[in-house]
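Asker: sequence first, predicted model second:
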Amino acid sequence: MTTITSNTKRLVSLDVFRGIAIASMITVNNPGSWEYVYSPLKHAQWHGCTPTDLVFPFFLFIVGVAMAFAFAKYQNGNRPDSKVYKRILRRGLLLFAFGLLLAIFSPFLDLLLKGAPIDLNKIRIMGVLQRISLVYMLASFAVLNLKRRQLWVLSLILLIGYWIAMQLIPVPGYGANNLTPEGNLAAYIDRLIVGKNHLYKGGPFDPEGLFSTLPAIVTVLFGYFTGEWLLQQATKSRTSLNIAIFGVICLIIGHLWGLVFPLNKQLWTSSYVMYTTGWALLLLALCYELIEVRALKRLGFLFEVMGLNAIFLFIGSGLFARILNKTHIGIGEKPPTIHTWIYNNLFASWAGAMNGSLLFALATVLLWWVILYAMYRRRWFVKI
């Protein structure tokens, strides 16, 4: 999630792609009211895939593309030394730690503002940054130690193996081929290893659980294959077209696979991996054509600013949102939170509940863009 460079040039289109992903994340995560959200900005309740369900896999795909550029020097027999592995571990552990910080920040605010003790037995262990951490480390080790053909075999094993396991291995009390939130194998394994109290909202499953992280590794590897291929291509429209063709093929495979193993973000099903990779390739093809081939860099500048400081934005916006939702304005038994007060008085009061909720989210994106633009002007780029 840092600025990407290579021995030849920086792939600005990847920064733009990352900026689109992080801007989308801020929009869907910060409505004025969760009761008033337009359907495309909601996650699928269980099976299915909405535009919002594309955001997280886009991040993982981007990690993979960036990995290809970062590790290009270690191809053709040039092996990495121990410092490279230490750097990977450091980066991964820091991401995991920042994820835990976000998880514990709300209870910390309750302690600070209300004196409520922090119950460590109910702190969620997994999360978005934690998953990014794990797949980044595991995919990095695989890329640095396996040949391309072996990486493809590993990808197939993970996707097909996950599919077989989820359908054939019985869960006590639920049986085999149970894909409900309570009865699926991934949820059962997470309850055994992590513990129900440490899962999302106390269980029964975690959308970023341990077992479902395995197919998420493939999302990163598909990004890596794409980046590795891009390094060997000329900067021309034919390259963009080929990326788009691969994207359509992945969409078709994902859709067909979804007929027997449903698209499901929260289970990160194998069909979901293929389907979301297809959309990631199509968006990358568009960014590549406009930014790299046609050199319309100004067209992507708004998103590039956000993409260059994505990790800072992810953590900063998460902490800021929690502060707005935990601090109150006024007195009385139930004074509104700052978040609610701003939404009701500055947006819903004139735009209505639904449009006001969307405008609140867009205003949040604009606020952070201004902050990131100031950082951009000063060349402040937060990297891990």
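Answerer: Yep, that arrived. Source: prediction; values computed, not measured.

Asker: the domain parsing of this structure - what is it?
Answerer: By the assignment in automatic domain parsing, the chain contains the domains 1-42+296-384, 66-293.

Asker: any stretches of this protein with poor pLDDT?
Answerer: 1-9, 77 (pLDDT under 70).

Asker: name the SS class of the residue of it positioned farthest from its centre, please.
Answerer: Within the chain, residue 332 marks the point farthest from the mean C-alpha position, 39.4 Å out by Cα atoms, centre = their mean. Secondary structure, DSSP: H, G, I helix; E, B strand; the rest coil: residue 332 is coil.

Asker: and the gap between it and residue 349?
Answerer: Applying Cβ to Cβ, to the nearest Å, the value for residue 332 to residue 349 is 20 Å. From N, CA and C alone the C-beta is placed, and that goes for glycine too.

Asker: point to the residue nearest the middle of this structure.
Answerer: Geometric centre of the chain, nearest residue: residue 56, 2.8 Å, by Cα atoms, centre = their mean.

Asker: strands of this protein, start to end?
Answerer: Counting by DSSP state E, no segments of the chain form strands.

Asker: show me the helices in it, by range?
Answerer: Counting by DSSP state H, the segments of the chain that form helices are 12-29, 55-70, 82-114, 128-145, 148-168, 185-193, 213-230, 237-258, 270-287, 301-307, 310-326, 338-342, 349-351, 353-377.

Asker: now the fourth one: buried residues?
Answerer: When neighbours are counted by 16 or more other Cβ atoms under 10 Å, the buried residues of helix 128-145 are found to be 128-140, 142-143.

Asker: just the longest one next, same as before
Answerer: Residues of helix 82-114 classed as buried under the neighbour-count rule (16+ other Cβ under 10 Å) are 84, 88, 91-92, 95-96, 98-100, 102-103, 105-107, 109.

Asker: against residue 335, how distant is the residue nearest to the centre of the chain?
Answerer: To residue 335, residue 56 is 34 Å away according to Cβ to Cβ.

Asker: so which bits of stretch 348-360 are buried?
Answerer: For stretch 348-360, the neighbour count (16+ other Cβ under 10 Å) marks 348, 354, 356-360 as buried.

Asker: got a list of what the residue farthest from the centre of the chain touches?
Answerer: With contacts defined as Cβ atoms under 8 Å, 6 or more residues apart in numbering, residue 332 has no neighbours.

Asker: from now on call the first residue 154
Answerer: Sure thing, new numbering starts at 154, so read that last one as residue 485.

Asker: please tell me how far it sits from residue 501.
Answerer: According to Cβ to Cβ, residue 485 stands 20 Å off from residue 501.

Asker: repeat for residue 423
Answerer: 41 Å.

Asker: ok, now residue 401?
Answerer: 41 Å.

Asker: got it, and residue 511?
Answerer: From residue 511 across to residue 501, the span is 11 Å (Cβ to Cβ).

Asker: return every residue with contacts to both of these two.
Answerer: Here residue 511 and residue 501 have residue 185 as joint contacts, going by Cβ under 8 Å, 6+ apart.

Asker: which other residues reach stretch 211-224?
Answerer: Residues contacting stretch 211-224 (Cβ under 8 Å, 6+ apart): 154-155, 157-159, 164, 167, 170-171, 173-174, 177-178, 233, 285, 288-289, 292-293, 296-297, 369, 372-381, 383-384, 429-430, 432-433, 436-437.

Asker: one more time with 6 Å, if that's ok
Answerer: 157, 159, 167, 171, 174, 289, 296, 372-373, 376-377, 379-381, 433 (Cβ atoms under 6 Å, 6 or more residues apart in numbering).

Asker: equivalent analysis for stretch 507-517, please.
Answerer: The contact list for stretch 507-517, computed with Cβ under 6 Å, 6+ apart, reads 179-180, 183-186, 189, 496, 500-501, 504.

Asker: how about a cut-off of 7 Å?
Answerer: Residues outside stretch 507-517 that contact it (Cβ atoms under 7 Å, 6 or more residues apart in numbering): 179-180, 183-186, 189-191, 496, 500-501, 504.

Asker: as a markdown table, the residues you listed with distance to residue 405 would be great.
Answerer: Output for the contacts of stretch 507-517, formatted as a markdown table (distance: Cβ to Cβ, whole Å):
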| residue | distance to residue 405 |
| --- | --- |
| 179 | 31 |
| 180 | 29 |
| 183 | 34 |
| 184 | 33 |
| 185 | 38 |
| 186 | 38 |
| 189 | 35 |
| 190 | 30 |
| 191 | 28 |
| 496 | 41 |
| 500 | 41 |
| 501 | 42 |
| 504 | 40 |
